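*Asks:* Task: produce atomic coordinates for the following.
(one chain, ligands or ions: 1)
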Amino acid sequence: MIKAVTGTKDILPAEIPGWKYLESVVERIFRSFNYKEIRTPVFEETGLFARGIGEETDIVGKEMYTFIDRSETSITLKPEMTASVVRAYIEHSLGKQQQLNKLYYLSPMFRQERPQAGRQRQFHQFGCEALGSASPLLDAEIIIVAFSILKELGLKDIKVKLNSLGVPSSRENYKKILREFLKGSVKKLSEDSRKRYDANILRIFDSKIECDQEVMKDAPLLLDFIDEESKNDFELVKTLLTQSGIPFEVDPRLVRGLDYYTKTTFEIVSGKVGAQSALCGGGRYDLLIEQLGGVPAPGVGFAAGMERILLACENERTLNLPPESIDIYIIKLDKELTAAAFQTVLELRKSRLTAELDYLDRSVKAQMREANKLNARFVLFVGGDEYKSGKLNLKNMSTGEQRLFGMNDFQQIVQLIKM
Ligand code: HAM
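*Replies:* Predicted structure coming up:
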């Protein structure tokens, strides 16, 4: 039998309330900060991600789902949203309509990584990009948004890690210093880190391998070498976060896995989801819009992994959602009234109630059992002597109270249920 592809997951009906709740919190908080939703296609031309994220990153080098389509175009399923949002911003000249565009999104993403708890090949992100302003207020704002969402979900075991990567010129200068520091120890590094020494030296900080960590423990830190402007911006971001009551720690070893960052970067990690602990990550990318062919403009944003957040909520037992229920279940007492019961349930649905009836020709007892299983707040009996005398019997399932209504009192039934 054919199963779901490795690293992909079905989200079954029982899990949907958790997803919907998360989505509702995300949308409510983004709207309160005046972010507007954007939706972009699931696939893009491969070059967008190669140029945007960086050829030397793990995402572009190893993880993208790329194929040649029937018109010989190289297509990639999006591994992240920032490049796509920037592409859309440039393509539709959004910066001309208003200087600052604050955009948010929820979308599936695709990366061919080794699946494990909290890591899938199709996963979902929500996130935002604020395009057109270099103000550190926005750096602080997006961290506050991310933190507020996680707090609203009840998560407690979370930590904000903050760093600044400076501007490319100070970073290039620092890379030379780091290369010099590592020169004599390259042989002690893992094979992956040896490759990174030439291709993407900062990423050696990301290695979890002991021999790499041993070499890197005394390494000079980029934060000590960043330019004056980045330093001042970083100070302001820290002040704004402190003022807003957001606990954070500066982590000068935090390097992100995408090449476009400048200045502020951050991650929020959970202590409750195992090795893949980053619930979200982001930062500033003041050169990306220009790099992708747009009129130069700064940007800042973050994205969060929804599966990981739901896993953290489950492990911290924060989502105590009420069990799902329906408004009313129709119990058909006589087989001949099948068509009448069907009309009744349709009328109730037209009145915007969640109404259900039996499709399996079940006995009255089994229908009652089904109504209980569905957590029906009311049941309506169609049939029996009452029906013959022109009445419908409505039962309130939590109080057990029953009331008779005339066939023409339909709206009264609806009002009562909606109360
Ligand atoms: P990222 O750090 O690659 O950043 O991904 C953001 C979040 O997506 C991660 O913290 C994690 O929660 C989730 N995530 C990533 N890969 C997987 C996976 N294979 N399975 C499950 N969850 C995953 C970005 O994507 C940037 N675009 C963020 C950004 C926006 N920077 C600026 N603006």
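
*Asks:* make it CA atoms for all contacts and neighbour counts henceforth
*Replies:* Will do.

*Asks:* Around the ligand, which positions in this protein sit nearby?
*Replies:* 80-82, 111, 113, 118-121, 123, 125, 129, 278-283, 300-305, 308 (CA under 6 Å from any ligand atom).

*Asks:* Which members of those residues occur in strands, if any?
*Replies:* Counted as lying in strands by DSSP state E, out of the residues of the chain next to the ligand, are 123, 125, 129, 278-283, 300-305.

*Asks:* Quick check: the two most widely separated of those residues?
*Replies:* Taking CA to CA as the measure, these reach their widest spread between Phe123 and Val300, a distance of 22.1 Å.

*Asks:* These two - which one has more neighbours?
*Replies:* Of the pair Phe123 and Val300, Val300 is the one with more neighbours under other CA atoms under 10 Å, namely 29 against 20.

*Asks:* can you pull the pLDDT of that one?
*Replies:* At Val300, the model reports a pLDDT of 98.

*Asks:* Break this protein down into its domains, please.
*Replies:* Domains of the chain are assigned by automatic domain parsing as 16-167+226-316, 168-219, 326-418.

*Asks:* could I get the ones you listed as CSV with distance to Lys3?
*Replies:* Below are the domains of the chain laid out as CSV (distance: least, CA to CA, whole Å):
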stretch, distance to Lys3
domain 16-167+226-316, 15
domain 168-219, 33
domain 326-418, 29
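
*Asks:* Most tightly packed of those domains?
*Replies:* Among these, domain 16-167+226-316 has the highest mean neighbour count (mean count of other CA atoms under 10 Å), at a mean of 19.

*Asks:* first to last residue in that one, what's the distance?
*Replies:* 18 Å (CA to CA, to the nearest Å).

*Asks:* what's near enough to touch whichever residue of the stretch 51-200 of the chain sits closest to the ligand?
*Replies:* Residue of the stretch 51-200 of the chain nearest the ligand, by CA to the nearest ligand atom: Arg119 (3.4 Å). By CA atoms under 8 Å, 6 or more residues apart in numbering, the contact set of Arg119 is Gly7, Glu113, Gln276, Arg308.

*Asks:* picking up where we left off before, mean pLDDT for the domains of the chain: which is lowest?
*Replies:* The minimum mean pLDDT among these belongs to domain 168-219 (a mean of 92).

*Asks:* now that domain, how far from the centre of its chain.
*Replies:* 32 Å (CA atoms, centre = their mean, to the nearest Å).

*Asks:* and what of stretch 259-276?
*Replies:* Taking mean C-alpha positions (CA atoms, centre = their mean), stretch 259-276 and its chain are 14 Å apart.

*Asks:* Give the helix, strand or coil label for Ala60.
*Replies:* In this structure residue 60 is Val, not Ala. helix (DSSP: H, G, I helix; E, B strand; the rest coil).

*Asks:* excluding its backbone neighbours, what's nearest it?
*Replies:* Ala50 (5.9 Å; CA to CA, 6 or more residues apart in numbering).

*Asks:* And Ala199, by the same measure?
*Replies:* In space, Ala199 is closest to Glu56, 6.4 Å off (CA to CA, 6+ apart).

*Asks:* quick one: secondary structure of the one you found?
*Replies:* coil.

*Asks:* Look at the residue nearest to Val60 and give its secondary structure.
*Replies:* Ala50 is classified as helix under three-state DSSP.

*Asks:* How about Leu353?
*Replies:* From three-state DSSP, the assignment for Leu353 is coil.

*Asks:* That one and Tyr329 touch, don't they?
*Replies:* No. Applying CA atoms under 8 Å, one finds Leu353 not in contact with Tyr329, separated by 10.4 Å.

*Asks:* which helices and strands does the helix or strand harbouring Tyr89 pack with?
*Replies:* Under the criterion DSSP states H and E, the helix or strand holding Tyr89 is helix 82-91. If you count contacts as 3 or more CA pairs under 8 Å, 6 or more residues apart in numbering; DSSP states H and E, helix 82-91 packs onto helix 46-53, helix 288-291.

*Asks:* now those helices in TSV, with distance to Leu258?
*Replies:* Compiled in TSV, those are given as follows (distance: least, CA to CA, whole Å):
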stretch	distance to Leu258
helix 46-53	5
helix 288-291	11
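
*Asks:* among these, which is nearest Glu191?
*Replies:* helix 46-53 (22.9 Å).

*Asks:* got the CA positions of that closest one in PDB?
*Replies:* Provided in PDB are the C-alpha atoms of helix 46-53 (Å, rounded to 0.1, in the frame of the first residue of the first chain):
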ATOM      1  CA  THR A  46      15.300  27.800  -8.500                       C
ATOM      2  CA  GLY A  47      17.500  30.900  -9.000                       C
ATOM      3  CA  LEU A  48      15.500  32.900  -6.600                       C
ATOM      4  CA  PHE A  49      16.500  30.800  -3.600                       C
ATOM      5  CA  ALA A  50      20.000  30.100  -4.900                       C
ATOM      6  CA  ARG A  51      20.600  33.900  -5.100                       C
ATOM      7  CA  GLY A  52      18.600  34.800  -2.100                       C
ATOM      8  CA  ILE A  53      19.500  32.200   0.600                       C
END
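
*Asks:* I appreciate the help and will end here.
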